[in-house]
Structures are given as C-alpha cells and as structure tokens.
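Enquirer: here is a sequence with its predicted model. Questions after.
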Amino acid sequence: MEKVISFLPLAEIGPGERAVVRRLQAGRAVENRLAALGLTPGAAVEMVQNYGRGPLIVNVRGARLALGRGEAAKILVERGGNGRMP
Amino acid sequence: MAECHDLSGRAVALAVETGAPLIALAGQPNMGKSTLFNLLTGLNQHVGNWPGKTVERREGHFDLNGRRLRLVDLPGTYSLTANSPEEVIAREFVVREKPDAVVAVVSAANLERSLYLVAELAALDAPLVVALNMMDVAAQEGLQVEAHVLEAALGVPVVPMVASRAQGVRALLDVIEAVLTGQRRPQPRPPEVRADHAAILAQIEALIAGRVPAPYPQAWVALKLLEGDAEVTRRMQESLPAETWQAVHAVLRAHDDAFLAVASGRYEWIGRLVRAAVTRPRVGQIGLTERLDRWAAHPFWGLVLLAGILGLVFGLTFTVGAPLQTWLEEAVIAPLAGLASEALSGAPFWVQGLVVDGLIGGVGSVLTFLPILVIFFAAFALLEDVGYMARAAYVMDNLMHLMGLHGKSFLPLFLGFGCNVPAVMGARVIDSWPARLLTILIAPLVPCTARMAVVAFLAPAFFGAQAIWVTWGLVLLSLTMLVVSGVVFNRLLFKGQRSAFIMEMPLYHLPNLRTIGLLVWQRSLSFVQKAGTAILGMALVVWLLSYLPGGDLNSSYLARFGQFLEPVGRWMGFDWRLTVALLTSFPAKENAIATLGVLFGVSPEGGLTSLLTASYPTATALSFLVTTMLFIPCMATVAVTRQETGSWRWALFSVLFYLVLSVAAGTATYHLAAWIGG
C-alpha cells in the first residue's frame, strides 16, 4: 500500500472521483453537523458535481449532500481510498 | 371558520390530553415523516409553535381499536445533539414527556444516514419502533432491505412501509398497539462507544454517577458530555458540585475531539447493520435522481430551469388567480357590502361604515387574495414534495452568497412573491440566526401579489401601452434593492459573517397529493387567521381615522394627518391625497387604490384611471409607484416580523428602514424624472 503524504481539501476533488475524509477543520459547530450527516474521518465520499466554483454535491453514506465551497474547503480528504462506496 | 377550527383543535387537545396514550413521531428530514403523520391524523391535526420557540409543532390524534391516541410530530432533525432548537426540542420531548411509543421514520433508500438518528434515539431508553419507509424507492434504486435482520440487530420492531401509498400502515398500527398493551417490549440496543474512548466514557460516568438530574438517563448524559453537547454541559455544570465539575471538565478538555469518535462509532455500528440487512444486486446503475440532477443542479441549465418554473408559476397565478381575485372582489365582496349596507340601513351610520367599509372593505379585500395565494402555496408545496426545492436552493447559492446568505434563504424569498407573510415565517428553514434575521429583513423587497395588484392598476392608468415596461422596471428595482440591502446589512449588521451551507439533496419522488393538500390547507388557514385578527384590527382603526370626527373623509383625522405630512409628500411630488393613499397601504398594500377611490369620490371601476391621469404629471406617477413598491411592509408582515424575531426591536427597525428607503427612492425618482422630462 502506498503512503499518501498530504491531505487535500474536498473542494479540489473532481466529479466522479472518490476520496476518504481524513480531517475536519470547520469549527466545532459545523463539524458536529457534518459528522451527523456522515462526514466523519474515515468516511468514503464520491464527488457528484463540482464545477470549480459555487457549491458542490457529494455522495456520502448513501445520501447526496450539497456543501458550500467554503465548507468543502475545510474538509481534508485523501484521494482514492478503499472505503466502501454507496 | 379559522376561529372555529382553532377552538375545536383546542377542545380536542384538552379532551385527549387526559390519559390518552402519547405517540411521538421522530425522523430526519425527507424521510416521509410528514406523509405518515398526515396519513394517520388527516384533518385531526393542529399546527402551532413549541412553547417559546419559532419551531412548528404539529399535533393530532387518531383512533386505534376504539382507543384515541395522541400523535406528536417531532421536528425533523439529523441528530439529537444540541446544534439547533429543533434537536433540543425533539430529545427533551422524548426524555421529559416519556411517550408511550416513539416511532422513528427511516428511509430504506437512505438507510445508512437515516439510522444515525435511530442510533441516538436508542440511547434514550424510549419504547422505540422503526418505520422502514420508502421501500418502493429503495427497490427502484436496486436495494433490497431485510426488515427482520434489522429488527433482530436493533432489538426493536421494524415495519417496512410505503407511506406515500399507505402501504404497511396497518402493520405499523398493530405494532404500536402491541407496544401500548405491553405485548411487545422494545429493547433498543444502542451502539457502544468506540473502544479507544470507552475508558474515558466510563470515567465520566463514574464521576457523575448519582448526580444526574431526573429524568435524564445517566449513560446518555455521560455520552453527551463526551460529545461536547452545549446544553447538557451547561446543565451538568450547574448541577454538579464545583470540584466534581472540575474533574469532569479536565477529562473533557483532554478529549475535545471525542465527538468525532462518537459519531464515527455510530456510523461503524450502522455500517455493520446495513451490511447485514441490505443486498445490492445491481451495482453502478445511474439512478433517476442523478440523471435529473445533471440538469436541475447544473450551474447554468439549473438556473434556466428555475427561471422557467418561476415563469410558469407566475403565469398560472396571473392567468388563473388574478381573474378569480377580481371575481371575488366584484361578485362576492361588492354584493356583500351592498347587502350589509341594506340590512344595516336602520342602524346608526357609523355602525354601517364600520361593517361595510371597515370589515367587509378592509378584511374582505385582503381575503380576495386567497386564490392567488392558494395557487402559490400549491406550486410551492408540489415543488417541495417532489424534492425540487433543494435544487432551487442549490443553484441560487452563488447569488445568495453576495448577501452573506446561502441557497436555503432563496426558498422563503420565493414564497414572498405570493405574500411576504409566509416568506417571513418561512425563514425558519434557515439554521443560523444572523442569516435568518437578514432574510426576514430583506423579504419585504420581494414584490408580493398585493403590491403587484396596485402596480397592475396604476401603471396602465398612468403609462398606457408603456405600462408593461414600467412594471418590469419596478420589479427589477425592488429585486436590485433586495440584493443591495442584503449586501449592506450583511456588512454593517452582521460583519460579513457567513453561515455554513450544508443541505441534503433528497431523492426525487412522485408527489403525494395528500401531503400537498394539507400543506396548502395549513398555510391558507394561517393566512386567513392573520386576516381575521391583525388585519381586521388595523382596518377598523384606519376606518375610524377616516371617519372621525365629522363622518367626512376630507375633514377626517386621516386627511388632517395627510395634510400635516404633505410637506414630506411634496419631496416626492405628492399632494395630500397621494400621501394618505400611501399611508393607508400600511394595513394592506392594495388599500392604496381603494383610498384614492374614496378621496376622488369615485369607485375604482368608475373612471378613477382617467381622473388620476389628468391629475398627476408623469414624474409624480412614477415616484408614487416607486414609493409604494418600497414602502413600509404591510402590517401583517410587520406583525410576523415581530413574532419571528421575538422582539419589537427588529420589527421597528424594519419599519424605519423601509420608510427611509421608500421616501429616498421616491424623492430621487421624482426629481430625476422631472429633470429628464422638463
């Protein structure tokens, strides 16, 4: 297994790509909401829509979630990942 | 009728409260919880507010095997941690009211996410029943869910159902009956906290043992402390002795990211359940939702689609709703006024005036807007029910960002085109307080049907064939003002802070007519109730002011007030009559026309247009339209602004803001138009 050195913001994942959530940096209140909706460290996500600006849509734990670009920038992920996909 | 419903609702609540078993309906948003609630209670429901909160409370009753049951619809929440008032309400209800059964509605098509709330409810020691809804959508997405596997793993009854087609309701009722009679005892098995945090949780529980205020379960309180729940933390800080709290606090501070471990732990538990209970025979198929979203959520085509839908709704409103409104005005309200004045011909003529002009003229004309609103509410409810509204919010997110708002604020603002009252009340969907307040403050800049009615009457009178351009210009002006005010308020009042945009995109599904019908019914009812109370009172006051002291409008207090304010009116090129007309648009916007009719001594149908055209220059006409468009929100809107913000402060702020804005805009328009024209 190859080792990934750095994490990148979820906002930089392209449509159709998969990633695994590694760290949240959105502040307690928002992190709490994200976690309840399934965006916990270790969760597998699939980018559904990301046009490089504006909000984006991800698939996480079998549900589609719209996130503001600001929020998606504060979720650090690792590209690829072998998490179980919805 | 509104009052009658209200009273019967209260009477029922009283009759039922004594000893009737209590069922609570819990669930995340978009799980079909409202559909199930409507299915069980039908019209036997009452919509109010949770005490002291601007969160809707729906309660109803239904009969099961000859016994009456109370059903309370808990607010839809994703979790039970104190992130929002809804979450606190839901869990406090379960803990304090101790319902005889708690039905958790989950979606078979979205099992993983929707079981998260069940994981939280299971920790509350409640008699839990799981309604496994949307089995049809799951099948359509290629998922097969084994209810009995879930049942065995959760330790509580699980009933598969399709609430939108009333399938599985009998089975659910049988299970509820079995729980109420004690035949079945749900023994929820809550998820264990993850191994790396188990010792810490045990440590906290040992510290607080025996000191947890009733009726909160001790293990649950320990877990919520570990999750950093603000409400529970505050409560325990108050009730624990100082040194115990110090010890608890030290443990918590050393593990302040434990909430992520707890949430992850719940999802790991759910993952095991789902792997056991769900089979996915077809993998990688593209669902209907995904295909539709390629268009509906596209940054460009999504906006085109939204514009098309809005156009259709407005088209429908004006082709169907507006003629109905005119018909009500002419065929119902006018004859009613005639009948009343005949019947009251013997009465003192202030009684006659009060009833005919004040009651029928004032409240009646507001009620004639009901057909337009019903069309609006129906369109809105339909779009909401099929799942489209989340897409509208999504594609509008960019534009709303300019004002420090996000997509969700678009939904109440859209309602504002029908009437500003539901727009202000609809701002409840926005989770952060600054964003909600900002939305409430700018909502009156969405031109409502009443204001459009004034424009639709006056613009052709003043501008003939050019009226359509003037009308579009006014709408555009109002919406531009909305964006500008939003940006300014956000900078000045809220220091540019922005709330997080996190929104579920529900799966599209076929509309449920019952859900839509009930939603339209409730929204219309609350509008009629407003008309029957706040608007009625104001209409009577205005009538009295226009009648006293001599019974003649031209020498009334209202006219004197108008004459007193005429110097201000003159900035905008108004005479005292236009000033009075503007003032009377406060109780209800469309009053402006009726007032002009009274002041010119003619009915709106009988040549008012030609008199107006002859009386005022173009610059005055234009400034009057602009001022009317931006003037103080109608009384009903001010009243709900107070109600939704919880204080007069913001309501008064709103009144002052719109007063200054409209006078400034009117003055500028008048001088600009006079300068160009002259």
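Expert: Looks like it came in fine. Predicted model only: the values in this text are computed from it and were never measured.
Enquirer: and for residue B:87, the neighbour number?
Expert: 22 (other C-beta atoms under 10 Å in any protein chain shown). All C-beta atoms are positioned from the backbone trio N, CA, C, and that covers glycine.
Enquirer: could you point out the helix or strand that follows the helix or strand it falls within?
Expert: Assigning secondary structure by DSSP states H and E places residue B:87 in helix B:85-92. Counting by DSSP H and E, the next helix or strand C-terminal to helix B:85-92 is strand B:101-107.
Enquirer: what angle do that next one and helix B:85-92 make?
Expert: 140 degrees (axes from the mean of the first three to the mean of the last three C-alpha atoms, to 10 degrees).
Enquirer: does any bit of the following helix or strand past strand B:101-107 sit next to chain A?
Expert: Note on strand B:101-107: by DSSP H and E, the next helix or strand toward the C-terminus is helix B:111-122. Yes: contact of helix B:111-122 with chain A (C-beta under 8 Å from any C-beta of the partner chain) involves B:111-113, B:116.
Enquirer: helices or strands next to the helix or strand following helix B:111-122 in the packing?
Expert: Next in sequence after helix B:111-122, counting helices and strands by DSSP H and E, comes strand B:128-133. With contacts taken as 3 or more C-beta pairs under 8 Å, 6 or more residues apart in numbering or on different chains; DSSP states H and E, strand B:128-133 sits against strand B:101-107, helix B:111-122, helix B:147-154, strand B:158-160, helix B:169-180.
Enquirer: contacts made by strand B:128-133 with the rest, please.
Expert: With C-beta atoms under 8 Å, 6 or more residues apart in numbering or on different chains as the contact definition, strand B:128-133 has outside contacts at B:27, B:31-32, B:36, B:101-108, B:118, B:121-122, B:145, B:147, B:150-151, B:154, B:156-163, B:168, B:172, B:175-176, B:179, B:186, B:188.
Enquirer: can I get the helix or strand in which residue B:629 is found in PDB, CA atoms only?
Expert: Element membership of residue B:629 [criterion: DSSP H and E] is helix B:618-630. Provided in PDB are the C-alpha atoms of helix B:618-630 (Å, rounded to 0.1, in the frame of the first residue of the first chain):
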ATOM      1  CA  THR B 618     -45.600  61.600 -15.100                       C
ATOM      2  CA  ALA B 619     -42.800  62.300 -12.600                       C
ATOM      3  CA  THR B 620     -45.300  62.100  -9.700                       C
ATOM      4  CA  ALA B 621     -46.900  59.000 -11.100                       C
ATOM      5  CA  LEU B 622     -43.500  57.300 -11.300                       C
ATOM      6  CA  SER B 623     -42.400  58.400  -7.900                       C
ATOM      7  CA  PHE B 624     -45.700  57.200  -6.400                       C
ATOM      8  CA  LEU B 625     -45.300  53.800  -7.900                       C
ATOM      9  CA  VAL B 626     -41.600  53.500  -6.700                       C
ATOM     10  CA  THR B 627     -42.500  54.700  -3.200                       C
ATOM     11  CA  THR B 628     -45.500  52.300  -3.000                       C
ATOM     12  CA  MET B 629     -43.300  49.400  -4.100                       C
ATOM     13  CA  LEU B 630     -40.600  50.100  -1.500                       C
END
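Enquirer: mind listing what's buried along it?
Expert: B:618-630 (16 or more other C-beta atoms under 10 Å in any protein chain shown).
Enquirer: average pLDDT for it?
Expert: The average pLDDT within helix B:618-630 is 94.
Enquirer: again, but for stretch B:159-177
Expert: 95.
Enquirer: how about residue B:40, nearest residue that isn't a chain neighbour?
Expert: residue B:62 (4.9 Å; C-beta to C-beta, 6 or more residues apart in numbering or on different chains).
Enquirer: check residue B:29 too.
Expert: residue B:76 (4.0 Å).
Enquirer: what does residue B:568 give?
Expert: Residue B:568's closest residue in space is residue B:663 (C-beta to C-beta, 6+ apart), at 6.9 Å.
Enquirer: and the direction of the helix holding residue B:87 versus that of helix B:111-122, what angle?
Expert: Going by the same axes, to 10 degrees, helix B:85-92 makes 50 degrees with helix B:111-122.
Enquirer: got the contact list for helix B:85-92?
Expert: B:26, B:50, B:53, B:55, B:74-77, B:79-82, B:120, B:124, B:231.
Enquirer: give the burial count for residue 27, as a bare number.
Expert: Defaulting to chain A. That count, for residue A:27 with other C-beta under 10 Å as the rule, works out to 10.
Enquirer: not quite, I wanted chain B
Expert: Neighbours around residue B:27, by other C-beta under 10 Å: 30.
Enquirer: now do the contacts for the residue in the stretch 201-350 of chain B that chain A sits nearest to.
Expert: Closest contact between the stretch 201-350 of chain B and chain A, by C-beta to the nearest C-beta, is at residue B:263 (3.7 Å). By C-beta under 8 Å, 6+ apart, the contact set of residue B:263 is A:35-36, A:40, B:227.
Enquirer: next up, the contacts around the spatially closest residue to residue A:61 that is not a sequence neighbour.
Expert: Distances taken as C-beta to C-beta, 6+ apart place residue A:38 nearest to residue A:61, at 3.7 Å, with adjacent residues excluded. Residue A:38 is in contact with A:60-61, A:63, A:65, B:112-113, B:116, B:267, counting by C-beta under 8 Å, 6+ apart.
Enquirer: need the three-state assignment for residue 70.
Expert: Going with chain A. Of the three states, residue A:70 takes helix under DSSP: H, G, I helix; E, B strand; the rest coil.
Enquirer: oops, wrong one, chain B.
Expert: Classified using three-state DSSP, residue B:70 is strand.
Enquirer: measure it to residue B:238 for me?
Expert: Separation of residue B:70 from residue B:238 (C-beta to C-beta, to the nearest Å) stands at 32 Å.
Enquirer: who's more crowded, the two?
Expert: Counted by other C-beta under 10 Å, residue B:70 and residue B:238 do not tie: residue B:70 has more neighbours, with 21 against 9.
Enquirer: what score does the closest residue to residue B:276 other than its chain neighbours have for pLDDT?
Expert: Leaving out its chain neighbours, the residue that sits closest to residue B:276 by C-beta to C-beta, 6+ apart is residue B:149, at 5.3 Å. pLDDT, residue B:149: 95.
Enquirer: quick check: residue B:149 touching residue B:275?
Expert: No: assessed by C-beta atoms under 8 Å, residue B:149 is found out of contact with residue B:275, at 10.0 Å.
Enquirer: who's more crowded, the two?
Expert: Counted by other C-beta under 10 Å, residue B:149 and residue B:275 do not tie: residue B:149 has more neighbours, with 15 against 11.
Enquirer: can I take it that residue B:455 is in a helix?
Expert: Yes: counting by three-state DSSP, one finds residue B:455 located in a helix.
Enquirer: ok, now which ones touch it?
Expert: So residue B:455 contacts B:447, B:470-471, B:474, B:625, B:628-629 (C-beta under 8 Å, 6+ apart).
Enquirer: pLDDT value on residue B:344, please?
Expert: 82.
Enquirer: from residue B:549, how far off is it?
Expert: Counting by C-beta to C-beta, the gap from residue B:344 to residue B:549 is 21 Å.
Enquirer: which of the two has more neighbours?
Expert: Higher neighbour count among residue B:344 and residue B:549: residue B:344, with 16 against 9, using other C-beta under 10 Å.
Enquirer: for the residue nearest to residue B:29, the count of nearby residues, please.
Expert: There are 18 residues near residue B:76, going by other C-beta under 10 Å.
Enquirer: likewise for residue B:170?
Expert: 11.
Enquirer: any idea how far it is from chain A?
Expert: 28 Å (C-beta to the nearest C-beta, to the nearest Å).
Enquirer: might you report the residue contacts of that residue?
Expert: Contacts of residue B:170 by C-beta under 8 Å, 6+ apart: none found.
Enquirer: near chain A, which residues of the stretch 51-200 of chain B are found?
Expert: Counting by C-beta under 8 Å from any C-beta, the stretch 51-200 of chain B sits next to chain A at B:78-79, B:81, B:83, B:110-113, B:116.
Enquirer: please name every helix or strand in contact with the helix or strand hosting residue A:30.
Expert: Element membership for residue A:30 (DSSP H and E) is helix A:28-36. Helix A:28-36 is packed against strand A:18-24, helix B:258-277, strand B:502-504, with contacts defined by 3+ C-beta pairs under 8 Å, 6+ apart.
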